[in-house]
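Novice: Quick one: sequence and predicted model below, then my questions.
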Amino acid sequence: MDTIEFHKSTAKELLAIKDRVRNLVNNWGEDGRHQEAVIKTMIQRFLPEKFKIGSGFIVRQTGQKGNHEPSKQIDLIIYDTSYPVLFKDNDFVILTADSVLGIIEVKANATNQGLGDIVKKANENGKFIFNARVDKSKLLFNGIFSYESTVNNVDTISNHIKTPWDELGENRQLFSVNHISLNQNWFYKFWEHEFRDGNLPHYLYEINELSFSFFISNLMDWISGTSVIENSNLWFPVDKSIEVRKRF
């Protein structure tokens, strides 16, 4: 059985659906809801039943009763259904921060839409969630998923990711953007455990036709405990380091 082709089929399916929509509407880049729906449906297939994925807002209490603060709207929120939900209407949700496992910004083309600005917004949402939590040790999956993006200069990509990261200050490794699928071939990951050793573990990988699948596999690994790592050859069928591994 060919595990690699199984994972490559994820990219083929996502891009095929994107192209089907694009053939029916002129400007896919402006139709954000369809972009989110395509990747949301794919992620939902892999999620354990106790987790859900939706779109909406996180709200946090203030020091004054009767007052609260909302986050900016978040494209996709992965949350634990064992926690109470403030509001739910189909896939639209308003949640408290303790239920949130991950957030994802979805873009048609992160290069054209401004990767630096996208990273900055995702970092702000991540920090909002972190500040709202009582348990500050709980890590957040903070991802950006782009169907297309131009990657022809690693230094440029590095600046778009690191400049907003450098501005965040204390505890940034707990909530800042840590996974980006730039397109079907290029994948970024922040290795939080290496940061604890005093390094700056930003890595950009070239993994042809596997970036979308690795994005989803990393999300499953983040939320599932030991299952993914114990079956790592199934979820990660190639070693990222055999392609291009650039640290910045």
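Specialist: Here it is on my side, so go on. Numbers count the residues shown, from 1 in each chain.

Novice: Okay, the residue lying closest to residue 82 once chain neighbours are set aside and residue 104: tell me how far apart.
Specialist: Once flanking residues are discounted, residue 82 sits nearest to residue 50: 6.3 Å by C-beta to C-beta, 6 or more residues apart in numbering. C-beta coordinates here come from the backbone N, C-alpha and C atoms, glycine included. Residue 50 sits 19 Å away from residue 104, going by C-beta to C-beta, to the nearest Å.

Novice: and these two? which has more neighbours close in?
Specialist: Set residue 50 next to residue 104 and count neighbours by other C-beta atoms under 10 Å: residue 104 wins out with 25 against 10.

Novice: how about the more buried one, what does it touch?
Specialist: Residues near residue 104 by C-beta atoms under 8 Å, 6 or more residues apart in numbering: 39, 74-78, 141, 143-145.

Novice: If you rank those by neighbours, which is first?
Specialist: Tallying neighbours with other C-beta under 10 Å puts residue 145 at the head of these, with 28 neighbours.

Novice: ok so that residue is a strand residue?
Specialist: Yes: looking at residue 145 with DSSP: H, G, I helix; E, B strand; the rest coil, it is inside a strand.

Novice: mind listing what it touches?
Specialist: Listed by C-beta under 8 Å, 6+ apart, the contact partners of residue 145 are 39, 104-107, 180-181, 212, 215.

Novice: related to what we said a few turns ago, wait, which of the contacts of residue 104 is closest to residue 191?
Specialist: residue 141 (13.5 Å; C-beta to C-beta).

Novice: can you give me phi and psi for the residue nearest to the closest one when sequence neighbours are not counted?
Specialist: In space, and not counting its chain neighbours, residue 141 is closest to residue 102: 3.1 Å by C-beta to C-beta, 6+ apart. Dihedral angles phi and psi of residue 102 (degrees, to the nearest 10) take the values phi -160, psi 160.
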